[in-house]
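>>> Okay, predicted coordinates and the sequence, questions at the end:
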Amino acid sequence: MNFKDKKFVLGVLIGLLIFNILAWFVVYDLSKIRYLEVIFFDVAQGDAIFIKTPQGHQILIDGGPDSVILEKLGKELPFYDRTIDLVILTHPESDHLTGLLDVLRSYKVKNILWTGVIRDTSAFKKWQELIEKEKAEIFLAKAGKKIIIGKTSFEILFPFENLENKSVKDANNTSIVLRLDFGEISLLFTGDIYKSAERELFSLAKQLDTDVLKVGHHGSKTSTAEEFIIGVSPEIAVISVGRDNSYGHPHQETLDTLEKYGISIFRTDFNGDIKIISNGINYAVSNFQN
């Protein structure tokens, strides 16, 4: 066998070895026990929530204020996985939207859920450009719609009206509010809605009671109305907030309301990434750090 033949055989063997290693990675990943995982990423002053269903579907709610979301996703997804099944933009403010621009550039996104609200900002214009280029299936949020992914369901509780192509100066109070149900466990994601929207939900929505609440608007005093907390009656409240932020979030009034009802509080500025793991009957909080 001459040198060229030996080199060819060696190349084939190396290729087969790499293929086998990759195959074992996939087999190992698929063989792991599957739970629902909900990770509230520490993205400073912004929101980014990553959900992995027991069947392996991957959902991202908001993307935070910058490209740190790519680092976070890189730690949760295997290197060969560049697909996200569903991206949800609760509302097009920069602290929720900007990171999604990097996600759209770096991952294949199959489906997108958002309100259709229009903002006159450079980030929003880039969002429109990228989702058109992505060719993902687009869905507009409105109360009453349900998304069922395997054994996990999402119910849209807010907004109550169709907001497509409506221009607003402040999109916070147009945020998508979602309730996730998995077996006996539920989580409520509230975007940045204000107390006025919370009170509307309290008076009109009948299925508010939930185990885990994502506190609205980073714990601002504009959110977390006391009657809303009574209606939701969560065991755990998660506040996504930046360290030493200039807004004074979370506000003491919000913390006092949560503490008044004995709700355990977790904060990304104190705890880092916060992971909720559930088998559909019980849940646990893990991976948080002091």
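Happy to help now that I have it. Residues are numbered from 1 along each chain as shown.
>>> Could you chop the chain up by domain?
For the chain, the structural domains run 1-32, 34-286, going by automatic domain parsing.
>>> Between the ones you listed, which has the poorest mean confidence score?
Mean pLDDT per stretch puts domain 1-32 lowest among those, at a mean of 50.
>>> what's the spacing between residue 179 and residue 201?
10 Å (Cβ to Cβ, to the nearest Å). All C-beta spots, glycine's among them, are computed from the backbone N, C-alpha and C.
>>> between these two, what contacts are shared?
157, 208 (Cβ atoms under 8 Å, 6 or more residues apart in numbering).
>>> can you give me the helices for the stretch 101-250 of the chain?
Ranges of helices in the stretch 101-250 of the chain, per DSSP state H, counting those that start in this stretch, are 122-134, 195-204, 226-232.
>>> Export those helices as JSON lines, with columns for distance to residue 257 and mean neighbour count.
Listed next are those as JSON lines, based on distance: least, Cβ to Cβ, whole Å; neighbours: other Cβ atoms under 10 Å:
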{"stretch": "helix 122-134", "distance to residue 257": "32", "mean neighbour count": "15"}
{"stretch": "helix 195-204", "distance to residue 257": "11", "mean neighbour count": "18"}
{"stretch": "helix 226-232", "distance to residue 257": "5", "mean neighbour count": "18"}
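>>> Kindly reformat the ones you listed as JSON lines and extend each row with distance to residue 96.
JSON lines is the format used below for those (distance: least, Cβ to Cβ, whole Å):
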{"stretch": "helix 122-134", "distance to residue 96": "10"}
{"stretch": "helix 195-204", "distance to residue 96": "16"}
{"stretch": "helix 226-232", "distance to residue 96": "20"}
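>>> mind checking which of those helices is nearest residue 63?
Among those, helix 122-134 comes nearest to residue 63, with 10.1 Å by Cβ to Cβ.
>>> which helices and strands sit right next to the closest one?
helix 94-106, strand 108-114 (3 or more Cβ pairs under 8 Å, 6 or more residues apart in numbering; DSSP states H and E).
>>> can you give me how far that helix is from the chain middle?
Offset of helix 122-134 from its chain centre (Cα atoms, centre = their mean, to the nearest Å): 19 Å.
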